[in-house]
Every structure is written in C-alpha cells, then in structure tokens.
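> Here is a sequence together with a model predicted from it:
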Amino acid sequence: MQIKPILAAMRHHKAGTVLIALQIALTLAIVCNALFIIHQRMARMARPSGVEETNLFVIRSDWADKSDPQRIDVQMQADLIALRQLGSVQDAAPANSFPLHGTGWDNFIKLQPDQVKMTTDSAIYFSDDHTLATLGTHLIAGRNFTASEIGAQQPRDAMHSAQVIISKDLAQRLYPDGSALGKTIYVSMGNKPSTVIGVTDTLQAHMVGSWAGPYAYNAVLVPARLLNDYTYYLVRARPSQLAAALRDAPKALYAQSRMRIIDRKDGVMTFAQVRQHAYERDVGMAILMGIISVVLLAITAAGIVGLTSFWVGQRRKQIGVRRALGATRGDILNYFLTENLLIGIGGVLVGAVLAIGINLWMVTQFEMARLSLGYVVVGVIALLLLGQGAVLAPALRASHVSPVEATRSV
Amino acid sequence: MLKMTHLSKVYRTEVVETYALRDFNIDVKEGEFVAVTGPSGSGKTTFLTIAGLLETFSGGEYHLDGIEVSNLNDNARSKIRNEKIGFIFQAFNLIPDLNVFDNIEVPLRYRGMKAAERKQRIMDSLERVGLASRAKHYPAELSGGQQQRVAIARALAGSPRLLLADEPTGNLDTQMARSVLELLEDIHREGATIVMVTHDPELAARAQRNVHIIDGQVVDLSEDPRFHTVHAEHTGTTA
C-alpha cells in the first residue's frame, strides 16, 4: 500500500480533502439519526393494537338534540339493537374512544384510596358486554361484563364502577408479582374501589403520541355508556361483508332517528383508516427523513465524483508520469480508491462522533431514545462503500490515462 | 539492447494517415551513449515514446533487452518500464506534492521493493547526483538543475538497463545544462546505456554516436544533401 505518499500528497490538497471529509461526516451524522428515527417510527407503527382490525369500523354519531341525556341513552340502546340486527353486522358496541383514536379519556390509576401519587396512567374505555367481541379482543383471565352490569353516565359525573376489566399490560404494571384478577384498583382520584373482574390480552390505549409510550398498553374497560354530545359505535362486519356493513350501518342509524349527524367525510371510518390517520405524522416523518437521507447521500456521492474528476483532470500529467515510471492501470485505480478511502475514513470517524453527539442532544431536548451503535456501524460501512462506488468511475478514467501523457507539455 | 526493425507509427483519422515513423531502423548496443537528433516534427519524440513503451507502434519489430515487446499487454509493458527503463524528461516531471525522497521512491514502490532497500537505493542515488541533503525538500524548493538531478536520481534508483532522456537540458541554463550533461557522461562511463533525444548539436556531439531522424526515418547524414547544407552553414558560422 502507498498510504504514506498519498497522505503526503493530500496535505497539498487540504481544502478539497477537508471539505469532502466534512461532507461525509455530516452526511453520516444526519443519515444515522434519520435512519434511527425512521426505524423508531416504523417500529411504533408496527405495534399491535390488540384489536382484530379487519372487518372493524367506527361510526361517529353527533346528536342534534343534546339537552336530554336520558333520551340519548335510550337512543343509543335502540341504535345498538338496530346495528346488531343487520345481516352484514356481526356485533356492535358503544364507545367513547378506541385504540389508536388519538383522543379519549385517560386517568390516574391507584392501588390505595389515600394514595397521593398515581401508580400509573391508563386509557378509559366506556364499554358494554359486546365491546370485547366487537373489538376481537380476548380475555386471558376472568369474565366479561354481563348486560345487567352496564350502566350509563354523563361526562361530568364522578366516574365509578364496581367492576372493571383491565388490559394485560396494566395488570402486570399494577401487580407485577401476581394476578390482578379479583384485586382492587382506584380509577381517577376517587376513593371508591373497583374490582378487576377480567384481564384482556394486549389492548392498546387511544394515545399514540410518543409521550404516552409508558402507558401505550394500559387500558381500563368501564361497564357504562357515556352520554356525551356524540358517541362512537364500534361495528364488526361479518367476514367479507365489510362493504355492505359500511353501507347498511349509517342507514340503519338514520332509520332509527334522523336527529343526528354522521359526517359524510369521516363519520364512518374503517379501522385501516383509523390506523392510517393515527400514524400519518410518523409516516410523514419517516418519508421526510428518508428523502433527507437519500438527498444527502446523493449530494455526497456527487461531491466525491466531482472532486475526484477534478483531481483526475488536474493530475493528468502526474498520472502519465506515474504510468511512465511503471504504475499499472490497477496501481492508478488503487491510488484513487485508497485516497478516497482515507478521506472517507477521516470523514466517518468525525461523523460517528457527530452522530452520537447529535443523538445525545436530541435525547436531552426531545426525549428521543439513545442511538444504537449498530446504526453508526452500518452508516460507516454504507458511507465508505458509497464513497468507493462514487470514486470508481473517475478512478477508472484515471487508470486509462496513457503513460505518453508524461511527455506532453501542459 | 534496443533494436527497432522496419518499425512504423501511423496516426489515422477518418480522412488521412500520418506516418510519424516509417520503416524505422535503429540498433543501440549495450553501454552505448546515443544522441538522437532531428528537426522539430521529425519523429524524435515519437521514437522516444515507443522506445520507452509509453505508446504502441503500428508495424515492424522492437526488441528491448532481447524481449519482443509488440505483443505485450499493458501490465507487462508497465513492468518493463519500471524495471528496465529510466526516464529523464525535459520538464523533469517530478510530482509536486511529494518531496525529493518520495519522488524517487515512486517507481521503487511500484516494483514492490521493501522499505529498507528502497531507502538504501534512494539515498545512494541522491548521493550519486549530489543532493543527499535535499531529500526532504519539495520540487518547488529546488532550482531547475537540482530538479533535473532529482529526476536523474529517480531514473537511476531502479538500476535500469536503459536510460531514455528527452531534451534533458532543454529547460536549463548553460551552467546547469553542463553539470547535468557531465552527470550523464559519468553515468555512461559507469556502464549505462543512454539514448538521448536532443536538437542541440553541441549536446549531441558529446554522445558516442549520433542518429539523425528526418521525416520519421533514420538517415545517414553523410549521404543526405540536407545535412551538407546544414553542416556547411554551421561550419561557415563557426569559422
């Protein structure tokens, strides 16, 4: 290897060398973090909701007359009977919110009535005895609500229920050393106990923001219909009858009462649309980071091609002299590849430090996770390969410079 | 050492063929110091580039140190250039980014020589040209004569069988030219074979034998009427 003379020669091209090395360093630092963000977002989007999403859809019904909660309750019960009677519908349930919805109720969960600090936070799903079947979520312990246990409450009423069903993750959070079944918990700041009568398999909370990470799978199902200005109906279509159910369900609700508004645009959403809506920011961020990475890599590759092409043109006579002195085409190719590799190594060493530094800054500023060193290693290898790939064409051109160039006057 | 027989070099375009060398014959024996002279455009440099395997020829035969070189591939030609030929160029052709030591080291590295041997050869050749104290200097820090001495040291370091010099004093003033020429004469006395292309009659006169090229062919000066004219003019001027 002829590293020493290449390093010696590079000292005479400091500006170009340093600029390309810095470009590689910045590209590595940004691309590593961008890929890490992309991976994090994709991992978040790939999380299971705990719901059988196929054939599930959601209807939002805004009440035209909000003055009488009792009438709303009667209407809701009639609506549910009507929905469940549709041939294309397998089951239906009322809801204040649902997994991936983004908005809804979340409350402190305590284990003792006089506890000042919450044990954890959890999504609150107002449910009935059809909710689990409609969601396609299974119980792993205990029992479902019975029809007689289902009550109704207004948003401003103090929330209390003698029985609750909780998600598996919440159960493990509250009782890591044993079963939560039959235990007592306190929902919200109230002092009235609720007994855990059932534990579901994985069930995601409505919150999808990164802030809710620690509570993402905490859910409490309360046996009550929420008498709000609007309600959601979760509807499970029979297999292969989703299209019919999507068409039939709003008609059935309007047939029950026209004193409601079901928005034409997003009043009825399949769960696929709910998921898409929940993660559209993540998708946008992943695409943006992807574009930034591709553009940066392309600019860096173009920079390497440009600078090496310039150097080949500038050193044409020198290449001819080297060939005259006995360099083979392979030696010339090797010279430029080695030169580029040395610049690349300098760049990636600085870039690796920068990548970790930028990540540490984002960890403190944006509560991001720590960058895995695997990303830096992969980034380093990718940048070095990209550099070698980019330099190949001008280096091959250089290797074809004839030795007779040595005799030509410039 | 160097034998070309009926050698030709043709530059072809779509409409015209130009012969740079035509039916070119030359035989340089081992240990000779030959000056190749001729007017501009006569084919001197083409001869030198073919002799140094810097470019290929169109027809004929060329034997270098007993090897027929016409069918050699690029790598084999590079190897012969590296091991058997030392070049001295008019413009010195030192690499400006490398110091004197590293410049001389370039052909030795391509030969794959070990570092200790490289260093020994470099210092020996620098001693030979009287520039041992300038090993760490860059070409830009040396005079023209010193740069040409470094180029000669680079040519000598590889112990070549043949030294090819292209107007070696062309870029030097009289005093520097004289010292470089004396150095070449010393090297020749030590047994080197030197072929020097020049259009300087005074320089050519210092060589053992002169070969004159006109229109791409070696001519016998004693039979060429153009020589008599030139020679008469030269004699008249100096008389």
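Great, that's in hand.

> Kindly report the residues of the stretch 1-150 of chain A close to chain B.
If contact is defined as C-beta under 8 Å from any C-beta of the partner chain, the residues of the stretch 1-150 of chain A in contact with chain B are A:2, A:4-5, A:8-9, A:11-13. C-beta here means a position set from N, CA and C on the backbone, and glycine is covered the same way.

> Tell me the most packed of those, by neighbour count.
For those, neighbours were counted by other C-beta atoms under 10 Å in any protein chain shown; the highest total belongs to residue A:9, with 21 neighbours.

> Might you report the residue contacts of the residue lying closest to that one once chain neighbours are set aside?
If the residues on either side of it in the chain are set aside, residue A:9 comes closest to residue B:97, at 3.8 Å by C-beta to C-beta, 6 or more residues apart in numbering or on different chains. Shown here is residue B:97, whose contacts under the criterion C-beta atoms under 8 Å, 6 or more residues apart in numbering or on different chains are A:8-9, A:11-13.

> Take those and keep only those in helices.
The helices in this structure, assigned by DSSP state H, contain A:8-9 from the contacts of residue B:97.

> Columns pLDDT and distance to residue A:117 on top of the contacts of residue B:97, output as TSV?
Formatted as TSV, the contacts of residue B:97 follow (pLDDT from 0 to 100; distance: C-beta to C-beta, whole Å):
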residue	pLDDT	distance to residue A:117
A:8	82	66
A:9	82	66
A:11	83	63
A:12	81	66
A:13	83	63
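
> quick one: contacts of the strand or helix carrying residue B:213?
Assigned by DSSP states H and E, residue B:213 falls within strand B:209-214. The contact list for strand B:209-214 (C-beta under 8 Å, 6+ apart) reads B:24, B:26, B:32-39, B:42-44, B:47, B:204, B:218-219, B:221, B:224, B:226-227.

> If you count neighbours, what's buried in that strand?
Residues B:211-214 are the ones in strand B:209-214 that count as buried (16 or more other C-beta atoms under 10 Å in any protein chain shown).

> Which of those residues sits closest to chain A?
Nearest to chain A, judged by C-beta to the nearest C-beta, of these is residue B:213 at 15.7 Å.

> Give me the nearest residue to the closest one, chain neighbours excluded.
Residue nearest to residue B:213 in three dimensions, not counting chain neighbours: residue B:38, with 3.7 Å by C-beta to C-beta, 6+ apart.

> what's the helix or strand for the residue in chain B that chain A sits nearest to?
Of all residues in chain B, the one sitting closest to chain A is residue B:82 (2.3 Å; C-beta to the nearest C-beta). Following DSSP H and E, one finds residue B:82 within helix B:74-84.

> helices or strands up against that helix?
With contacts defined as 3 or more C-beta pairs under 8 Å, 6 or more residues apart in numbering or on different chains; DSSP states H and E, the secondary structure elements packing on helix B:74-84 are helix A:316-324, helix A:329-366, helix B:100-110.

> Of all the residues in stretch B:27-41, which ones are buried?
Residues B:28, B:32-38 are the ones in stretch B:27-41 that count as buried (16+ other C-beta under 10 Å).

> so of those, which ones are in strands?
Counting by DSSP state E, the members of the buried residues of stretch B:27-41 that fall within strands are B:28, B:33-37.

> pLDDT added to those residues, as CSV?
As requested, those are exported to CSV (pLDDT from 0 to 100):
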residue, pLDDT
B:28, 94
B:33, 94
B:34, 94
B:35, 94
B:36, 95
B:37, 93
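
> who in chain B is up against chain A?
By C-beta under 8 Å from any C-beta, the residues of chain B that approach chain A are B:45, B:48-49, B:52-55, B:74-75, B:78-79, B:81-83, B:87, B:89, B:91, B:93, B:95-99, B:102, B:105-107, B:109-111, B:154, B:158, B:166.

> Tell me where the model's unsure across chain A.
Regions of chain A meeting the criterion pLDDT under 70 cover residues A:1, A:189, A:409-410.

> In terms of helix, strand or coil, where does the closest residue to chain B within it fall?
Proximity of chain A to chain B (C-beta to the nearest C-beta) peaks at residue A:326, 2.3 Å away. Applying DSSP: H, G, I helix; E, B strand; the rest coil to residue A:326 yields a three-state assignment of coil.

> nearest spatial neighbour of it, skipping sequence neighbours?
Distances taken as C-beta to C-beta, 6+ apart put residue B:82 closest to residue A:326, at 2.3 Å, once the chain neighbours are dropped.

> Tell me if I'm right that residue B:160 and residue B:80 touch.
No. Distance between residue B:160 and residue B:80: 10.0 Å, which falls outside the contact criterion (C-beta atoms under 8 Å).

> tell me what whatever helix or strand comes next after the helix holding residue B:82 is packed against?
The first helix or strand that comes after helix B:74-84 along the chain, using DSSP H and E, is strand B:85-88. Other helices and strands packing on strand B:85-88, by 3+ C-beta pairs under 8 Å, 6+ apart, are helix B:144-157, strand B:162-166.

> pLDDT averaged over the last one - what is it?
Read that as strand B:162-166. Regarding strand B:162-166, the rounded mean pLDDT is 93.

> Run the chain-centre distance for it.
Taking the mean C-alpha point of strand B:162-166 and that of its whole chain, the gap between them comes to 2 Å (C-alpha atoms, centre = their mean, to the nearest Å).

> Could you list the paired strands of that strand along with their orientation?
Here strand B:162-166 is paired, per DSSP bridges, with strand B:85-88 (parallel), strand B:193-197 (parallel).

> helix or strand right after the host helix or strand of residue A:126?
When secondary structure is defined by DSSP H and E, residue A:126 falls within strand A:120-127. Remark: after strand A:120-127, the chain's next helix or strand is helix A:131-135, criterion DSSP H and E.

> Any buried residues in that next one, and which?
Here helix A:131-135 shows A:131-132, A:134-135 as buried, counting by 16+ other C-beta under 10 Å.

> Could you look up the SS state of residue A:269?
The three-state label for residue A:269, taken from three-state DSSP, comes out as strand.

> What's the local residue count around residue A:155?
Using other C-beta under 10 Å, residue A:155 has 12 other residues around it.

> Need the three-state assignment for it.
Here residue A:155 is recorded as coil under three-state DSSP.

> surely it meets residue A:224?
No. With contacts defined as C-beta under 8 Å, residue A:155 does not count as touching residue A:224, sitting 11.3 Å away.

> which non-adjacent residue is nearest residue 208?
With no chain named, the answer covers chain A. Using C-beta to C-beta, 6+ apart and skipping the chain neighbours, the partner closest in space to residue A:208 is residue A:278 (4.8 Å).

> Can you look at chain B instead?
Leaving out its chain neighbours, the residue that sits closest to residue B:208 by C-beta to C-beta, 6+ apart is residue B:33, at 4.3 Å.
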